[in-house]
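[1] here are the coordinates; sequence isn't available:
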């Protein structure tokens, strides 16, 4: 379903003002961009849509990593047996395809869908969509919506949006970081965001399981494409042996990119249903979103992923040779 394209934050702000009951949701697992946006939208809701009721409902709980952020207690899980609230507008955040929200739209059959995302691979689903691939994060879009609506940034909203920006730009180090990104970050700090708190909570607060998985990645690293590709696979048994959880793998796919000569990194993780989660990162010339699309995934040129209906070893057998060839051809 391809709905009405919205071309600016002002058009989104006008749409929100007409809503009476709004549900915000993001794909699972939630990440820093989606958590930060949901917190900010609930905090800014009274000014974005005066008189409207706001809810944040997701398929999974907020990862413990992000619960340092004020307002995450308002992000609820919509269980199959729960009675959903009334809603005339669903805001689906930071996701390229409607099928990642299979748990949600059927519970709100009369609600219109606003697709708010910055992934180039977005399918433009929904009744309305503002897809902005030039933006470094969905947090930038929410910031612009707030500004277009004349909403004042509370400290809680500022901290949520700062998390969104910092997470999706690798602490403002990725090539997606725009001059506007840094200007927005400065405004958010002035409004109450505290960079040191975020840095301490996300990057100086690792669990023992996360550190063990970093060691695992180094010990089980494989190379390809004349050294330009690095990849590793993590089974459920590997996680259990390290006393780790899937949350402990956050950002682990980026670790091989710190090795000299590596330009593309691949992490394969066994899921509980027997499928395999594919995470891809690229440092320079390789479009990982285009590669992920071959397997039903998507994302950004430098960061993408997919879930494939293959067991872990079968996924490695299917993907790694193709990726090796593709990276070699991209040289």
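    Cool, the structure landed. Worth saying up front: this structure is predicted, and the values here are computed from it rather than measured.

[2] is it true that residue 64 touches residue 248?
    No - in this structure residue 64 lies outside contact range of residue 248 using CB atoms under 8 Å: 10.2 Å. Placement of C-beta: from N, CA and C, glycine included.

[3] and these two? Which one has more around it.
    Using other CB atoms under 10 Å as the criterion, residue 64 and residue 248 rank with residue 248 on top: 21 against 12.

[4] residue 281: neighbour count?
    Here the number of neighbours of residue 281 (other CB under 10 Å) works out to 27.

[5] numbering from 688 from now on, please.
    OK, 688 is where the count begins now, so the last one is residue 968.

[6] may I have the phi/psi pair for residue 938?
    phi 80, psi 0 (degrees, to the nearest 10).

[7] nope, residue 951 is what I was after
    Per-residue torsions, residue 951: phi -130, psi 130 (degrees, to the nearest 10).

[8] my guess is it meets residue 1014, correct?
    Yes - counting by CB under 8 Å, residue 951 does reach residue 1014; the two are 5.2 Å apart.

[9] more neighbours, the two?
    Remark: of residue 951 and residue 1014, residue 951 carries more neighbours, 27 against 22, as counted by other CB under 10 Å.

[10] what residue of the chain is the furthest out?
    residue 913 (30.8 Å; CA atoms, centre = their mean).

[11] pretty sure that residue is in a helix, no?
    Yes - under DSSP: H, G, I helix; E, B strand; the rest coil, residue 913 sits within a helix.

[12] next up, the contacts around it.
    By CB atoms under 8 Å, 6 or more residues apart in numbering, residue 913 lies in contact with residue 1015.

[13] need the pLDDT of it.
    Reported pLDDT at residue 913 in the predicted model: 95.

[14] so how far is residue 1014 from it?
    In this view, residue 913 and residue 1014 are 9 Å apart by CB to CB, to the nearest Å.

[15] quick check: closest non-adjacent residue to residue 1005.
    What sits nearest to residue 1005 in space, not counting adjacent residues and going by CB to CB, 6 or more residues apart in numbering, is residue 997, at 6.1 Å.

[16] quick check, distance from stretch 989-1001 to the centre of its chain.
    Distance, stretch centre to chain centre, for stretch 989-1001: 16 Å (CA atoms, centre = their mean, to the nearest Å).

[17] measure it end to end?
    End-to-end distance for stretch 989-1001: 25 Å, by CA to CA, to the nearest Å.

[18] any residues touching that stretch, and which ones?
    Applying CB under 8 Å, 6+ apart, the set of residues contacting stretch 989-1001 is 808, 861-863, 920, 922, 955-958, 961-970, 975-976, 978-979, 982-986, 1002, 1005-1006.

[19] kindly report the same for stretch 933-948.
    Residues outside stretch 933-948 that contact it (CB under 8 Å, 6+ apart): 716, 718, 750-752, 857, 894, 896-897, 900-901, 904-905, 908, 914-915, 917-919, 921, 926, 929, 949-950, 952-954, 956, 966-968, 970.

[20] how far away is residue 700 from residue 982?
    In terms of CB to CB, residue 700 sits 37 Å off from residue 982.

[21] what's the answer for residue 1004, then?
    Distance, residue 1004 to residue 982, using CB to CB: 13 Å.

[22] and those two? Which one has more around it.
    For residue 1004 versus residue 982, neighbours defined as other CB under 10 Å are more numerous around residue 982 (21 against 11).

[23] what's the per-residue pLDDT of that one here?
    Here the pLDDT value assigned to residue 982 is 94.

[24] measure residue 944 to residue 868 for me?
    20 Å.

[25] ignore what I typed, I meant residue 896.
    Note on residue 896: its distance to residue 868, by CB to CB, is 32 Å.
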